[in-house]
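Visitor: Build me a model from this:
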Amino acid sequence: MSNTAKITFLGGAKTVTGSKFLIEAYNTSIMIDCGVFQGLKELRQTNWNDLPINVKSIDTVLLTHGHLDHVGYLPRLIKQGFTGTIIGTAPTLAIAEIILKDSAKIHEEEAKKANKEQFTKHHPALPFYTIKDVENTISKFEVQTEAKWIKINNHISFKFNYNGHIIGATFIEIDIEGRRFVFSGDIGRTNDYLLKDPKRPKEADYIFLESTYGNKLHSKENIEILLTTIITEVIHKKGNLIIPSFAVERLQTLMYILFKLYQKNKIPNIPIFVDSPMGNNVLEVFKRFPKWHKLSEQDYHAMCRHINIITSYADTWKTIDDPRSKIIIAGSGMVTGGRVLTYLKQLIDINTTSILLAGYQAEGTRGRLIKDGAHEVKFFGKYHKVNAKVYSIDSLSAHADQSEILNWLSAIENTPKKIFLIHGEAASIDNLRLKIKDQMGWNTHIPSLYESLEIDL
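Guide: Residues are numbered from 1 along each chain as shown. Below you'll find the predicted structure:
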């Protein structure tokens with residue numbers, strides 16, 4: 001029996017999305033996260049390729065959290081022969097189910113539309129995966145608790161640890177014969193509106209560390225003052241404020257902040273519409289798992305009563321036709337799809353419209369183009385002029401910034417043998433590499449996509 005562990009980087013290497021990491025040791029094969037690539041076209045196209053590994057040999061998938069770039073490849077993994085278990089915390093698996101079902105529905109609808117309108121080079125266009133594929137995936141879900149070591153076999157154990165970021169999110173510790181492998185997942189923020197502070201690892205030999213904001217410090221702007229200013233201007237212009245939002249966490253956070261601003265008399269009773277079927281389902285997850293967040297039951301119900309939660313597409317159009325100034329929060333957060341496109345199609349070319357980007361905008365997304373000042377964007381097959389005023393708030397990010405990442409690392413009591421910098425764009429990774437070297441003197445490595453290496457145990 002070999003006394004080495006083999007690590008293969010199947011995603012999240014030199015890019016923010018597509019997190020997939022394979023660790024093989026003692027005749028056991030474990031995948032940590034199983035996400036899809038998003039953003040740049042050449043990356044997205046690789047989603048259609050089978051993984052360059054023996055998928056049938058994978059025993060277990062461990063999930064850090066339920067975002068699409070960490071779970072969205074699971075149905076494809078099963079189609080390639082995976083028959084093992086998919087393990088996560090209860091809220092993570094609840095979120096993963098919501099996101100995968102929503103994603104499958106979109107894939108099916110897009111394939112149907114492409115075939116009907118014949119704007120595809122594929123004949124016929126096929127969905128990336130179907131609702132049936134997702135149901136097969138969900139049947140393999142297994143819940144495990146947080147903060148408890150779980151034995152896989154006599155050589156390998158793992159533990160989920162609360163990590164903020166989104167509800168259910170964890171970092172994962174894997175112990176292989178006394179060697180500690182730590183997969184950071186996406187590290188959350190301290191002093192978050194809805195979530196508790198992330199826990200921090202105390203021991204690590206090898207760390208797989210996210211570096212999304214490895215070269216940035218989140219601005220110290222007062223979000224409540226900024227939102228109040230934007231909303232006051234929107235009302236003065238008799239316009240609309242559109243906030244593209246991630247359905248998980250960001251949407252609920254925005255709802256909570258706007259509700260509190262109204263409670264404090266900081267903003268008037270401007271109509272607020274939340275148009276995200278997936279976001280509505282995530283609200284239910286908050287209701288089901290109160291120990292995973294800070295939102296009280298009283299505030300939860302009061303917030304939901306104050307805000308107009310849209311449940312039908314017909315109400316989307318009623319909202320667009322509503323002549324009042326209003327706030328519209330709709331998915332998706334990077335403007336890659338979802339109901340927000342319907343609002344932008346009608347309102348983005350009107351100069352009384354304001355757009356607030358409230359999260360990370362990956363390379364190649366419409367959100368990034370809008371943030372970078374594009375004069376027009378394309379959706380539904382046509383270009384639309386951007387006459388709307390564009391705002392951006394980075395401090396609402398659910399990802400730790402550079403100082404918070406370094407703080408997360410600072411609780412480690414030993415000297416790690418190596419830190420693998422993942423889940424980041426080139427500039428972020430390199431800047432974080434230098435910071436870790438200068439402040440801690442620790443060895444780092446920047447893996448490439450599909451790179452494999454062996455570690456002595």
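Visitor: rest of the way, CA atoms for contacts and neighbours
Guide: OK.
Visitor: Would you map the helices across the protein?
Guide: Using DSSP state H, the helices of the chain run over residues 41-46, 68-71, 74-79, 90-117, 131-138, 223-237, 250-263, 277-288, 297-306, 313-321, 340-347, 366-371, 402-409, 426-440.
Visitor: Out of those, which one sits most buried?
Guide: Ranked by mean neighbour count, these are led by helix 68-71 with a mean of 25 (mean count of other C-alpha atoms under 10 Å).
Visitor: mind exporting that helix as PDB, just the C-alpha atoms?
Guide: What follows is the C-alpha trace of helix 68-71 in PDB, where atoms were taken according to Å, rounded to 0.1, in the frame of the first residue of the first chain:
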ATOM      1  CA  LEU A  68     -22.900  26.400  -8.400                       C
ATOM      2  CA  ASP A  69     -19.200  26.800  -8.900                       C
ATOM      3  CA  HIS A  70     -18.800  24.200  -6.100                       C
ATOM      4  CA  VAL A  71     -21.700  21.700  -6.800                       C
END
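Visitor: Which residue ranges make up each domain of this structure?
Guide: Split into domains by automatic domain parsing, the chain comes to 4-216+398-456, 223-392.
Visitor: Show the end-to-end separation of the longest one, please.
Guide: One end of domain 4-216+398-456 to the other measures 4 Å (C-alpha to C-alpha, to the nearest Å).
Visitor: still on that earlier bit, can I get the domains of the chain in CSV with mean pLDDT?
Guide: Shown next, in CSV, are the domains of the chain (pLDDT from 0 to 100):
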stretch, mean pLDDT
domain 4-216+398-456, 95
domain 223-392, 94
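Visitor: before we move on, back to that, the helices of the chain: which one's closest to I174?
Guide: helix 402-409 (16.6 Å; C-alpha to C-alpha).
Visitor: what does the closest one rub up against?
Guide: 187, 189-190, 199-201, 211, 213-217, 432, 436 (C-alpha atoms under 8 Å, 6 or more residues apart in numbering).
Visitor: wait, what's in contact with the residue positioned nearest the centre of the chain?
Guide: With distances taken as C-alpha atoms, centre = their mean, H67 lies nearest the centre of the chain, 4.1 Å away. Neighbouring residues of H67 by C-alpha under 8 Å, 6+ apart: 35, 95-96, 99, 248.
Visitor: so which of the residues you listed comes closest to T137?
Guide: Using C-alpha to C-alpha, A96 comes nearest to T137 of these, at 10.1 Å.
Visitor: Quick check: that closest one vs G72, distance?
Guide: According to C-alpha to C-alpha, A96 and G72 sit 8 Å apart.
Visitor: circling back: can you add distance to T28 and give the helices of the chain back as CSV?
Guide: Shown next, in CSV, are those (distance: least, C-alpha to C-alpha, whole Å):
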stretch, distance to T28
helix 41-46, 26
helix 68-71, 21
helix 74-79, 17
helix 90-117, 23
helix 131-138, 21
helix 223-237, 47
helix 250-263, 37
helix 277-288, 33
helix 297-306, 43
helix 313-321, 47
helix 340-347, 44
helix 366-371, 40
helix 402-409, 28
helix 426-440, 30
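Visitor: related to what we said a few turns ago, scan the contacts of helix 402-409 and report the most crowded one.
Guide: Among these, the one with the most neighbours (other C-alpha atoms under 10 Å) is S211, at 33 neighbours.
Visitor: if I look at that one, how far off is Q402?
Guide: Going from S211 to Q402 by C-alpha to C-alpha gives 8 Å.
Visitor: Overlap of the contact sets of these two?
Guide: Shared contacts of S211 and Q402 (C-alpha under 8 Å, 6+ apart): L432.
Visitor: Next up, the contacts around the closest residue to L341 other than its chain neighbours.
Guide: Spatial nearest neighbour of L341, excluding adjacent residues (C-alpha to C-alpha, 6 or more residues apart in numbering): V335 at 6.9 Å. By C-alpha under 8 Å, 6+ apart, the contact set of V335 is 244, 341, 365-367.
Visitor: Any idea which of the helices of the chain gets closest to W149?
Guide: Across these, closest to W149 is helix 90-117 (C-alpha to C-alpha), at 15.9 Å.
Visitor: what angle separates that closest one from helix 131-138?
Guide: 160 degrees (axes from the mean of the first three to the mean of the last three C-alpha atoms, to 10 degrees).
Visitor: I'd like to know which elements helix 90-117 is packed against.
Guide: If you count contacts as 3 or more C-alpha pairs under 8 Å, 6 or more residues apart in numbering; DSSP states H and E, helix 90-117 packs onto helix 68-71, helix 131-138, strand 141-143, helix 277-288.
Visitor: Take the ones you listed and lay them out in a markdown table including distance to A169.
Guide: Formatted as a markdown table, the helices and strands packed on helix 90-117 follow (distance: least, C-alpha to C-alpha, whole Å):
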| stretch | distance to A169 |
| --- | --- |
| helix 68-71 | 11 |
| helix 131-138 | 18 |
| strand 141-143 | 13 |
| helix 277-288 | 13 |
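Visitor: Please identify which of those is closest to Y262.
Guide: With C-alpha to C-alpha as the criterion, Y262 lies closest to helix 277-288 of the helices and strands packed on helix 90-117, at 19.9 Å.
Visitor: tilt between the closest one and helix 90-117?
Guide: Using the same axes, to 10 degrees: helix 277-288 against helix 90-117 is 170 degrees.
Visitor: Can you tell me what sits against helix 277-288?
Guide: Residues contacting helix 277-288 (C-alpha under 8 Å, 6+ apart): 91, 94-95, 98-99, 102, 167, 246-248, 251-252, 292-293, 297, 300, 309-311, 331.
Visitor: Same question for stretch 168-187.
Guide: 25, 32, 64-66, 89-92, 146, 155-165, 198, 201, 203-210, 292, 398-400, 405, 457.
Visitor: Centre of the chain to stretch 230-239, how far?
Guide: How far stretch 230-239 lies from its chain's middle: 30 Å, per C-alpha atoms, centre = their mean, to the nearest Å.
Visitor: what sits up against that stretch?
Guide: Contact with stretch 230-239 is made by 240-241, 267, 324-326, 352-354, as judged by C-alpha under 8 Å, 6+ apart.
Visitor: Mind giving me the PyMOL command for buried ones among these?
Guide: The buried residues among those can be selected in PyMOL (16 or more other C-alpha atoms under 10 Å) with this line:
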select buried, resi 240+241+267+325+326+352+353+354
